[in-house]
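> My questions are about this predicted structure, shown below with the sequence.
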Amino acid sequence: MDDQLDPRHWQIVVDGVMGGRSSAHLRRAGDALRFEGVVRLDHGGGFASARGPAPPLAAGARGLAIRCRGDGHRYRLTAYTEPNGPTWHASFDTRAGEVTEAAFEFPAFRATWRGRPVDGAPLAAPAITRVGVMLTKDGHVDGHGPFAIDLLRIDGW
């Protein structure tokens, strides 16, 4: 099984790290890795994320692309460069039940630290150690509630 779609190689991070009550899990769903759960606003919460292995990236790669089956929410394609560094993200919209493909050049990714924008050097392929997806209360069509996205592929280009 491809490590990128194997839930054993992924980590869930939800707003519980700051006292929130959102929940999420990962499982295989046919040809995809399903990331699903509930975004809740209790106790200052409002996000759920999944982090997995970075795809092989050539030194000259220009960006990241995602292929997924969506649910109508706006997600973030995320990249991580070091354990205590910023989270880099670019947002993409999905349509319920439809396959979405989105590609972003590295300069399109924005750096945040604990949800707040930070300045830094642009994202570059050699520095990426993990990738993932995130749903925040701002991307959820209702601000909170259930979600489910099927990850089909995250690649560099």
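Sure, I can see it.

> Name the spans of this protein whose pLDDT lies under the cut-off.
Applying pLDDT under 70 to the chain picks out residues 1.

> try 90 this time
1-5, 16-19, 44-45, 59, 82-85, 113-116, 119-122 (pLDDT under 90).

> Specify the local secondary structure of the residue most central in space within it.
Residue closest to the mean C-alpha point of the chain, counted by CA atoms, centre = their mean, is residue 133 at 1.0 Å. When classified by DSSP: H, G, I helix; E, B strand; the rest coil, residue 133 comes out as strand.

> Dig out what it forms beta bridges with.
Beta-bridge pairing for residue 133 (DSSP bridges): residue 50, residue 77.

> tally of neighbours for residue 121?
Neighbourhood size, residue 121 [other CB atoms under 10 Å]: 8. Where you see a C-beta, it was placed from the backbone N, CA and C, and this is true even at glycine.

> Ignore what I typed, I meant residue 67.
Neighbour count of residue 67, defined by other CB under 10 Å: 16.

> And residue 157, by the same measure?
Applying other CB under 10 Å, we find 14 residues neighbouring residue 157.

> in what helix or strand does the closest residue to residue 86 other than its chain neighbours lie?
In space, and not counting its chain neighbours, residue 86 is closest to residue 111: 4.0 Å by CB to CB, 6 or more residues apart in numbering. Assigned by DSSP states H and E, residue 111 belongs to strand 110-113.
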